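Prediction below, plus the sequence it came from.
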Amino acid sequence: MIERKKVLMFLFVAVFIVALTFELHKPINLSFCSEVLVVPDMFERISWAIGNASNGDIVLVKSNVTAYHETKIHVNKSLTIVGERKETTVIDGSNGSEVIVLIAADNVVIENFTLRNMNLQSLDPAIRLYKTQNVTVKNLIVKNVPIGIEIFSSNRSDIIYNEIKGTRGVYIRDHSSNNTLLGNTFENNNIAVHIADRTCKFNEIHHNNFINNTNNIINYGSIIADAGYPSGGNYWSDHVSEDLYNGPYQNESGSDGILDEPYDSLDNYPFANPIINIQITIDGKQCVIVQVSTSSNLTYYQFDQADNTLTFFVKGLEEINGSIRLAVPKELTTLSPYNWTILIFNSDIKKVNPDWSSEDAQNFYIYFTYHHVSTQKIEVVLPENISMLMLTLLVSTLTILIATKHRKKIKRGG
């Protein structure tokens, strides 16, 4: 009888632990008292909405037929300021000389805007972070301005997934440290990134595209220009090297999408091809980024959550080999690339294996090649994770079977 109680207690504890794990992995639904202020429905100007907002509120700016002509938008509260769509939610500086957006508060998020048209002789940027912490500047298009983003005496901010063209990109100065520049494209700038002085330390600059800039980086501080191996560094259009090897020392035979020679003693793992960041939404809530680096022209992509499949359409010169390097977050699959299915659609369907694969704590990485035949379709089928509910049922079933077997053994012995 005592043995039976022990078995039942073990069964209960096992099921409880697995069920608790399942609950801990479920998204937590927190209810905040944030107000959403809509421009132009509730306020005609963005600055007016900010003036009427409270800490923690959201300012939603709708796309408009004409641009919002505003300057010196002063963000002095912890707000999330979101444009409806970055290409069509435009803040125009009207060729003036003053900063368009001044952020002077901690914990601000600004995303999904185009900022444009300032006096190019001005010394002011489109966006200035002024003595702040934990600011996120995301998904912006910045063009025809003297300076894109200035980080002044500000720390631990994220400048991510922006396009900054034809200007001086990001200017970091005066004790600005531990900021991250990730997933940005700097193109046709006089200076893409300028670290102004030695008081600016430990700023991370990786997974960006540096394309046709006069100066990619002017650095008088200290920077970290790659995220190690296998994650990689940046793409530099002026870096000429081969990709014949892989591994942390780039001395193992076989390509991995990382060039074999470091870039300018800054970046130990420069990408062979430009980086494209694909945002994927899981269950309508959680967003993850799949990173694609390809020698082909990527014309279309999608993620089918029902089939857990990434689909790409690529173009390239016929009869020339193309390549794709993928970084896939482990939220999409926990099974290694050897369990993935890669299909190349030409006149027939060909299954290929990765030429190289690796992983770290966050992502799986694969590199594979294919033969171009005009426009072609590529599918990467990811094996689905075992859900926590299924795992709970599996453990429960196994535990019951073990308990039943144990009871029979006790009966035979008794």
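Here it is on my side, so go on.

Retrieve the pLDDT associated with Leu20.
Note on Leu20: pLDDT of 44.

Would you mind giving the domain segments of the chain?
Listed domain ranges for the chain are 2-23+388-413, 43-224, 277-381 (source: automatic domain parsing).

need the least confident one among those domains, by mean pLDDT.
domain 2-23+388-413 has the lowest average pLDDT among the domains of the chain, namely a mean of 53.

Any chance you could list what contacts stretch 38-47?
Residues outside stretch 38-47 that contact it (Cβ atoms under 8 Å, 6 or more residues apart in numbering) are 37, 48-49, 52, 59-62, 64, 68, 70, 72-74, 81, 91. In this view, the C-beta of every residue, glycine as well, is placed from N, C-alpha and C.

And stretch 277-296, by the same measure?
So stretch 277-296 is contacted by 27, 161, 183, 207, 235, 257, 271-276, 298, 301, 303, 305, 310, 312, 314-316, 322-329, 331-332, 363, 372 (Cβ under 8 Å, 6+ apart).

Need the distance between the two termini of that stretch.
With Cα to Cα, to the nearest Å as the measure, stretch 277-296 spans 15 Å from end to end.

before we move on, what about stretch 354-371?
Note: stretch 354-371 ends 14 Å apart using Cα to Cα.

quick one: it to chain centroid distance?
17 Å (Cα atoms, centre = their mean, to the nearest Å).

which element is the spatially most central residue of the chain on?
In the chain, the residue lying closest to the centroid (Cα atoms, centre = their mean) is Ile289, at 4.6 Å. Assigned by DSSP states H and E, Ile289 belongs to strand 286-294.

circling back to that earlier point, the domains of the chain: which one's closest to Glu242?
domain 277-381 (12.9 Å; Cβ to Cβ).

quick one: Asn184 and Thr136, what's the gap?
Going from Asn184 to Thr136 by Cβ to Cβ, to the nearest Å gives 13 Å.

Same check on Ser34?
The gap separating Ser34 from Thr136 is 16 Å, by Cβ to Cβ.

ok, now Ala361?
22 Å.

Look at those two and report which has more neighbours.
A count of neighbours by other Cβ atoms under 10 Å puts Thr136 above the other of Ala361 and Thr136, at 16 against 5.

So the more buried one is in contact with Ile160, correct?
Yes: using Cβ atoms under 8 Å, Thr136 makes contact with Ile160 at a distance of 6.9 Å.

Spit out the residues that contact Asn184 and Thr136 alike.
In contact with both Asn184 and Thr136: Ile160, using Cβ under 8 Å, 6+ apart.
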